[in-house]
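In: This is a predicted model, with the sequence first.
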Amino acid sequence: APSINEARAGPASCSTSSKDTYDYIVVGSGPGALPVADRLSEAGHSVLLLEKGPASSGRWGGTMKPSWLSGTNLTRFDVPGLCNQIWADRNGIACTDYDQLAGCILGGGAAINSGLYWKPHPEDWNMSFPAGWKNPDMQESVSKVFSRLPGTMYPSMDGKLYLPQGYNTISAGLTQGGWTSIVANDQNDQRNKTFSHTTYYFSGGERGGPMATYLLTASQRKNFAFWTGAAVKRVVRTGGHVTGVEVECSGGTTTINVTPNTGRVVISAGTFGSAKILWRSGIGPKDQLNVVKQSGDGATMVSSDQWIDLPVGYNLYDHVGTDLEIAHPNIVNYDFYAAYNRPASGDSQSYLNGRTGILTQAAPNFGPMFWDIITPSDGINRHLHWQARVEGSRSTSMTLTQYLGTGSVSRGRLTINSQLKTIVSTSPYLNNAGDVAAVVQGVQNLRDGLAKVSGLTWIRPSSSQSSAAFVNSIAANPGSRNSNHWIGTNKMGTDDGRSGGTAVVDTDTKVYGTDNLFVVDASIFPGHVTSNPTAAILIVSEHAVSKILALPFPAAAA
Ligand SMILES: Cc1cc2nc3c(=O)[nH]c(=O)nc-3n(C[C@H](O)[C@H](O)[C@H](O)COP(=O)(O)OP(=O)(O)OC[C@H]3O[C@@H](n4cnc5c(N)ncnc54)[C@H](O)[C@@H]3O)c2cc1C
């Protein structure tokens, strides 16, 4: 079958002998990094992208795969139906220096996630983002992202949806309950009592995504270089001016410099990784910088008279996940875990021969997706995104996960320990009464919505448990509520954190107190979006790079 995944000149390995300098160094290769790196190189700047993990997709030289993919240029990361394997085996893939799951691999989360892909609702921007980042301001960047990566509701190359019984059962029930069918990314302003098929960023029956688009075009330019196995320890700076980054390669540590005066560094290492690099660079609250000072970094850390006091690590948030479970005799389960090593031969053949069949859909068979907006007594809209998937305690079960995103008031805190591991030390879930009320009402609305479905059994909550008792019975900690959609530790805003404000970066994504250090990834989100965030992060990256390219260099540097 024609593969979109033909081999390319892959990344270079981290090098301690390189003496090159770059106009821009971009740290990380997730959805926050790739549009920035592509557009900076498109504008003619020399760009070095540094990724600490190994290659993932076969296109970039990745090799991790089950035996039925041997002899193909596909890895476990390229086949949508194998994405669940991250829950079974994440060795050499997941970051080991965080207490939560994140991908430390080329592509970041976009190498390991389920590919769920949503055009944001207008309130996603309007409720929490600052001036210049409101819904009308974002439309050009939305169009850019969706023209390069349109996404699809029909990932199989024959246009069919496989094992749709779960979708059919729940969507028929919601229709009976008065909810409306939409095409999610055409009707992105309609997220209230609506449902849709699942949209993925997949293309050609494979993962595709930002690694197959933005990274592809960047890699074709002579002024773009990218390294894997390159862990950035800190930025090197004099006061507010960054001269380069210290990088740990397997062969030792080296410093890579940016172009004198006009060079810039963009950190896109994710909600945990970017906070960690800032702390190690002497940027953050004093209590955390003192922890770094006492760690193995201490002897070489920038001196305390150079520290920049910013609220790095505060404003931490993640979608609040609440799992409900139903069973219905029509639902058909598919064992994606078993398919990792031994897919039914018909399924592997149709995948390999024509990129068709169940393995083109993300495990574990998502759909429908549905939405509800609730306004508790505090008057603030809360957006709920629900995702149904065929998984649970019975072979006829579905899990219905509710995420609370846009409008949520609760926040937590990320800190670092003396081993330089990041820790979610204050849990961000449901520490606000309005947030709790919205989650409870949302559960109740769904129970009411599905009340007329004959043959449907409620497993969680049981039919005798009240929605409030059910929600309160689930611990409000990452172990029970985690959605892996972490945001917020380097909040963007106009209220400079050095003088009592809450923001770490300004509306050009520049770190306050510096003249050439930027952060662009999920960590700068002031508040959450309604749905799974990859599309929103790509849009933020497109928007940020336009701001960075338009930003004049400091007068002294011109
Ligand atoms: C299991 C899972 C499933 C998910 N499913 C979905 C989904 O279906 N849809 C969706 O929209 N979202 C999903 N998400 C969330 C989404 O993937 C993340 O929100 C997104 O990837 C975050 O993008 P980012 O660029 O901010 O950071 P990341 O994607 O985390 O990228 C950060 C990158 O920086 C690198 N890095 C970190 N530190 C350093 C350093 N010091 N030096 C060099 N490189 C460094 C990392 O290795 C990584 O490649 C999922 C997440 C997980 C974990």
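Out: Received the coordinates, thanks. Numbering: from 1, shown residues only.
In: Read off the pLDDT value for the residue of the stretch 301-450 of the chain at minimum distance from the ligand.
Out: With CB to the nearest ligand atom, the shortest gap between the stretch 301-450 of the chain and the ligand falls at Ala362, namely 6.9 Å. In short, each C-beta sits where N, CA and C put it, glycine included. The confidence metric pLDDT takes the value 96 at Ala362.
In: and the gap between it and Ile86?
Out: Look at Ala362 and Ile86: by CB to CB, to the nearest Å, they are 11 Å apart.
In: Run a quick neighbour tally on Arg280.
Out: Burial of Arg280 is recorded as 23 neighbouring residues (other CB atoms under 10 Å).
In: Give me the phi and psi for it.
Out: Reported as degrees, to the nearest 10, the phi and psi values for Arg280 are phi -70, psi -20.
In: In this protein, where is pLDDT below threshold?
Out: Scanning the chain for pLDDT under 70 picks out 1-9, 555-558.
In: the domain parsing of it - what is it?
Out: 12-117+209-313+487-551, 152-199+317-411+429-481 (automatic domain parsing).
In: okay, those, which one's buried deepest?
Out: Neighbour counts (mean count of other CB atoms under 10 Å) averaged over each of the domains of the chain peak at domain 12-117+209-313+487-551, with a mean of 22.
In: if we can go back for a sec, wait, which of the domains of the chain is closest to Ser418?
Out: domain 12-117+209-313+487-551 (5.1 Å; CB to CB).
In: So which residues of the protein form helices?
Out: 34-42, 109-112, 122-126, 135-148, 165-176, 214-219, 270-280, 286-294, 336-341, 345-354, 433-449, 467-472, 478-481, 534-550 (DSSP state H).
In: what about the strands in the stretch 251-400 of the chain?
Out: With strands called from DSSP state E, counting those that start in this stretch, the stretch 251-400 of the chain shows them at 252-257, 264-267, 320-327, 366-374, 382-389, 397-404.
In: Alpha carbons of the longest one, in CSV - could you do that?
Out: What follows is the C-alpha trace of strand 366-374 in CSV, where atoms were taken according to Å, rounded to 0.1, in the frame of the first residue of the first chain:
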residue,chain,number,x,y,z
PHE,A,366,-13.7,5.9,20.7
GLY,A,367,-17.1,7.5,20.0
PRO,A,368,-19.4,9.2,20.3
MET,A,369,-17.9,12.4,21.7
PHE,A,370,-20.4,14.8,23.3
TRP,A,371,-20.6,18.1,25.0
ASP,A,372,-22.5,20.0,27.6
ILE,A,373,-22.2,23.5,29.0
ILE,A,374,-23.3,24.1,32.6
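In: Could you list every helix and strand in contact with it?
Out: With contacts taken as 3 or more CB pairs under 8 Å, 6 or more residues apart in numbering; DSSP states H and E, strand 366-374 sits against helix 165-176, strand 194-196, strand 382-389, helix 433-449.
In: Turn these into JSON lines, including distance to Gly500.
Out: Formatted as JSON lines, the helices and strands packed on strand 366-374 follow (distance: least, CB to CB, whole Å):
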{"stretch": "helix 165-176", "distance to Gly500": "47"}
{"stretch": "strand 194-196", "distance to Gly500": "41"}
{"stretch": "strand 382-389", "distance to Gly500": "28"}
{"stretch": "helix 433-449", "distance to Gly500": "25"}
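In: Thr507: which of these is closest?
Out: strand 382-389 (23.2 Å).
In: Which strands border that closest one, and is each parallel or antiparallel?
Out: With DSSP bridges as the test, strand 382-389 is paired with strand 366-374 (antiparallel), strand 397-404 (antiparallel).
In: Put together TSV for the helices and strands packed on strand 366-374, with distance to the ligand on each row.
Out: TSV is the format used below for the helices and strands packed on strand 366-374 (distance: least, CB to the nearest ligand atom, whole Å):
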stretch	distance to the ligand
helix 165-176	17
strand 194-196	15
strand 382-389	9
helix 433-449	20
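In: gap between the spatially closest residue to Thr489 that is not a sequence neighbour and the ligand?
Out: Nearest non-adjacent residue to Thr489, counting by CB to CB, 6 or more residues apart in numbering: Ala275, 4.2 Å away. For Ala275, the distance to the ligand equals 10 Å [CB to the nearest ligand atom, to the nearest Å].
In: Distance of Ala275 relative to Tyr512?
Out: 15 Å.
In: same question, Val242
Out: From Val242 over to Tyr512 the distance is 14 Å, taken as CB to CB.
In: can you pull the contacts of Arg45?
Out: That one is not Arg; residue 45 is His. 23-24, 223 (CB atoms under 8 Å, 6 or more residues apart in numbering).
In: Could you rerun that using 10 Å?
Out: 22-24, 37, 39, 221, 223-224, 259, 262-264, 549 (CB atoms under 10 Å, 6 or more residues apart in numbering).
In: Going by distance to the ligand, which of those wins?
Out: Ranked by distance to the ligand (CB to the nearest ligand atom), the contacts of His45 are led by Ala37 at 11.3 Å.
In: Cross-check the contact I'm expecting between that closest one and Ser46.
Out: No - assessed by CB atoms under 10 Å, Ala37 is found out of contact with Ser46, at 11.4 Å.
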